[in-house]
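1. Mind folding the following:
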Amino acid sequence: MKREGELNEKNIQIGTSDFKELIEGNNYFIDKSLLIKEFIENGAKIILTPRPRRFGKTLNLSMLKYFFDIRTKEETKDLFKGLKIEKEKEIMKLQGQYPVIFITFKNQKHISFENFEDGIKVLLSNLYKEHEYLLDSDKLSEFDKNDFKEIILRKASIGNVSEAISSLMGYMNKHYGRKVMLFIDEYDVPIQEGYINKGNPTYIRSLGAFEEPNARFGLSQHDEMITLIRNLLTAALKDNPYIEKSLITGILRIAKESIFSGLNNLQVNTILSFKFNDKFGFTEEELKHLVEYYNLKGKSEDIKTWYNGYIFGGKVIYNPWSVLNYIDNNEAGFMPYWINSSSNDLIKKLLLKGDRDIKLELEELIEGNSINKSVDDTIVMQEVEDSNQNIWSFLLMSGYLKAVNTENIEGILNCKLKIPNKEVLIFYRSLIKKWFQETMTSQKYELMLNMLITGEIDIFAGIFKQFVINNLSYFDVSGTEPEKVYHAFVLGMLISLSENYEVKSNKESGYGRYDVMLVPKDISKIGIVMEFKKIDDFLSTTIEEATKAALKQINDMKYADELVNRGIKDIIKLAIVFKGKKVEITKS
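-> Predicted structure coming up:
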């Protein structure tokens, strides 16, 4: 996009992860170069900095590579002219002073361990080809060069594959006489993909057939992937005399015992940490300059509503992927760009399989409320479904929730969690809508809601009764507080109306709190107040008695006052009485 009257306005480059390409083109660049200073001045030798997907991790590592790489010192020094790091004279002395290895696992998404092993061999072969000049070095022995060629030809044993990054660092150290900077990107992608595909039969190419998990290797495919990744990274990072410093990125902090076993020199900075808190994603100040440059200052509040809300170590952060996509295509309006950049399959799986408490608390979040949870910033993928704490922790670390407030109480992180912004809220709403639509056609679902908002309550009630029978198993109505379950069930059903109605619940009106209220954004439409009653099997209360009590409560407590005060003249009062999966609806 170009501003009127300006010929040289900088472009928005979407999806470019190469720092050199971004700087040399006529592209807008949000200057994160002080990451170099923070990285150097950090006392840790090995630093893991997990962040949600598409938050600039690969681009930042690419910048570090171009800054330190001894091979490209002269041709890349101008890339940093005019950037903040240029003013840091002592740090600039380190430009082009180190051999560098940069490797990314972001494309290592495989359905079996055999495919994963092949993918790793290709990845390492390509890495070695980048450093093929070492084959001409008189510092390497013939034995070294033979092993080097084996990796390039993808003929190396699994033992040599596991040592490949470490070995390459040794070769570079011999050649340059200097220690190596190691940058590893998206280290956890194969681990997450392995978890998603866990339990799938493995296609064994040599046999030309599928085998069930554990049949051949004695371990699940996921365990085998973890073992290979752990061996590869441990060899490169643990007690390696050739390493100067290393920065590792991913989405999650995978549990130390499963990946970073024995790495005592590892510093982890998650989204809850204060270190590096402004280096991934856009800060409010950066966003301000960006929208001013593209004459979109008037859209600042909308951008904030849609794409803001993340909090990294106390710093408010905007989603960079969605912000840039919106600015580049702002004529199309606001869309959930970040959500749409992934299938979100694992998130859907975790929430769908979650228990009643997960679903009730998700409804709380969708209503705009917060929930207080203890979270673990260390994820064991094999155990992510084992507890609600693990699920909430995964959602937080992956960018689907934010921690408004965090307290460390005797080593336990207690967080106040909320949905970060509108695009993530839309994802949750669409997910629940999809769940509810799975037991009836979308046409019948839409008909049911349309009958409600147009006042055809008899038709609505008939469809709703069947809807309850088919869908209430989504929640568990046994146990304590079943009223909350029915309440959440109806709220979930009404999510599709949020475009044209405020769907409100348990808010004060008159002299009390109604259960659910539909407030039309167009005051000429019908407003609706709902009061729920639940009858226990062991009570003698009849449905008729419960219905009368519900309608009396609506009138006595003046629940409709809020609608009246908003100028809504057409108001329906509904008593909804549940007895197990039986339901009766009465209009007043």
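2. Quick check: phi and psi on Gly56?
-> phi 90, psi 20 (degrees, to the nearest 10).
3. In this structure it contacts Asp278, no?
-> No: contact criterion Cβ atoms under 8 Å: Gly56 and Asp278 do not qualify, at 11.4 Å. No exception for glycine: its C-beta is placed from N, CA and C like everyone else's.
4. quick one: the helices in the stretch 201-350 of the chain?
-> Secondary structure of the stretch 201-350 of the chain (DSSP state H, counting those that start in this stretch): helices at 221-237, 284-293, 300-307, 320-328, 337-340, 345-353.
5. mind checking which of those helices is nearest Ile459?
-> Closest approach to Ile459 among the helices of the stretch 201-350 of the chain (Cβ to Cβ): helix 345-353, 30.1 Å.
6. tell me what the helix or strand that that closest one is followed by is packed against?
-> Going down the chain from helix 345-353, the next helix or strand is helix 356-366, by DSSP states H and E. Secondary-structure packing of helix 356-366 (3 or more Cβ pairs under 8 Å, 6 or more residues apart in numbering; DSSP states H and E): helix 345-353, strand 371-375, helix 388-397, helix 422-437, helix 482-493.
7. go again using 7 Å as the cut-off
-> With contacts defined as 3 or more Cβ pairs under 7 Å, 6 or more residues apart in numbering; DSSP states H and E, the packing partners of helix 356-366 are strand 371-375, helix 388-397, helix 422-437, helix 482-493.
8. so who does Phe39 touch?
-> Counting by Cβ atoms under 7 Å, 6 or more residues apart in numbering, Phe39 makes contact with Leu64, Leu247.
9. so it sits in a helix?
-> Yes: assigned with DSSP: H, G, I helix; E, B strand; the rest coil, Phe39 falls within a helix.
10. so where's the stretch 301-450 of the chain shaky on pLDDT?
-> Within the stretch 301-450 of the chain, the stretches with pLDDT under 70 are 439.
11. I'd like the helices and strands packed on helix 356-366 as CSV, with mean neighbour count and distance to Asn405 appended.
-> Output for the helices and strands packed on helix 356-366, formatted as CSV (neighbours: other Cβ atoms under 10 Å; distance: least, Cβ to Cβ, whole Å):
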stretch, mean neighbour count, distance to Asn405
strand 371-375, 16, 9
helix 388-397, 21, 13
helix 422-437, 18, 18
helix 482-493, 20, 24
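12. Tell me which helix or strand the closest residue to Val404 other than its chain neighbours sits in.
-> Nearest-residue entry for Val404: Lys416, 4.5 Å, with adjacent residues in sequence omitted and distances by Cβ to Cβ, 6 or more residues apart in numbering. Using DSSP H and E, Lys416 maps to strand 412-418.
13. Now do the contacts for Val161.
-> For Val161, counting by Cβ under 7 Å, 6+ apart, the contacting residues are Ile120, Lys121, Leu124.
14. Counting neighbours, which of the residues you listed end up buried?
-> Ile120, Lys121, Leu124 (16 or more other Cβ atoms under 10 Å).
15. Was I right to think the last one contacts Leu153?
-> When you say that, I think you mean Leu124. No: contact criterion Cβ atoms under 7 Å: Leu124 and Leu153 do not qualify, at 11.1 Å.
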